[in-house]
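Chemist: this one's structure only:
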C-alpha cells in the first residue's frame, strides 16, 4: 500500500478499460446500454465480473484484502480504491509538497531517476487536487541540480518561455552523457601519459652497478 502509485495505475487501467469498451463498468455514463432483459443482465454481470477480476489481479495483496467484499461490483471496488488513496486530500497534499520541495539530485544516482521522482510526485500532487505547473516543475528540477550541471541549469533558467519538462529532462540526460564521456576520456589520457612516461625512461644496464660487467670482461680477457 505504501509503494503503489495509484494515479499511474488508475490511468493505465482506464485506458485498458476504454480499449475493451467496458469503461462504463467503473465510471458510469448515461450512454450505457440498458439491461432490461434477463439475457442483458446476465451479459452485463459476466463482463462486470471480468473487469472486477482485472482490478483484483493488478493490485497488491494488502490492497486486495482491504477492498475485497462479497458480491461486489467493479464500480464499487474502483471507488473503494479511489477513496483509500484520495481521502484526506489536504493532508496528503501537505506531505507530498514537503517531499517535492526537498527532492534534490544529490540523493539520486543519475538524472533519469531524479527526474522520474519529481514527475511522480507532481502526478501524485495532481491526483490530490494540488497540480504542479510545468514552469514550477522545471524550475524546481533546475534548483535541485548539482554543481556539475550548472551550465545547462543556467541555460534552462534563461529560457523564455521555459521548455516542457520532458525536453528539459532530455537536455540534462545529454549533459550527463557528455560529462561521462569527458571523464572517460580524461582517464584514458592519464593512462596514456603514464604509459608514455614509462616507455621514454632510459633502459637500465643489465650488468651490475658501477660497470662491474666491464671489469669482468677485462679480467676474463687477461686470463686468456
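Modeler: Yep, that arrived. Just so you know, these numbers come straight off a predicted model, no measurement behind them.

Chemist: Next one, pLDDT for residue 141 please.
Modeler: Per-residue pLDDT puts residue 141 at 95.

Chemist: Would you agree it is in contact with residue 115?
Modeler: Yes: in this structure, residue 141 is within contact of residue 115 by CB atoms under 8 Å, at 6.5 Å. Any C-beta I mention is one placed from the backbone N, CA and C, and that applies to glycine too.

Chemist: More neighbours: which of the two?
Modeler: residue 141 (24 against 21; other CB atoms under 10 Å).

Chemist: how much space between the more buried one and residue 63?
Modeler: Residue 141 sits 31 Å away from residue 63, taking CB to CB, to the nearest Å as the criterion.

Chemist: follow-up on the earlier one: list residues touching both of residue 141 and residue 115?
Modeler: Residues touching both residue 141 and residue 115 (CB atoms under 8 Å, 6 or more residues apart in numbering) are 165, 169, 172.

Chemist: Out of these, the closest to residue 91 would be?
Modeler: Nearest to residue 91 among the shared contacts of residue 141 and residue 115: residue 165, at 26.4 Å, using CB to CB.

Chemist: List the residues that contact that closest one.
Modeler: 115, 119, 134, 137, 138, 141.

Chemist: what about the last one, which helix or strand?
Modeler: Assignment of secondary structure by DSSP states H and E places residue 141 within helix 134-143.

Chemist: packing partners for that helix?
Modeler: helix 111-127, helix 150-157, helix 165-199 (3 or more CB pairs under 8 Å, 6 or more residues apart in numbering; DSSP states H and E).

Chemist: what stretches of the chain score poorly on pLDDT?
Modeler: The model of the chain has pLDDT under 70 over residues 1-4, 30-35, 186-224.
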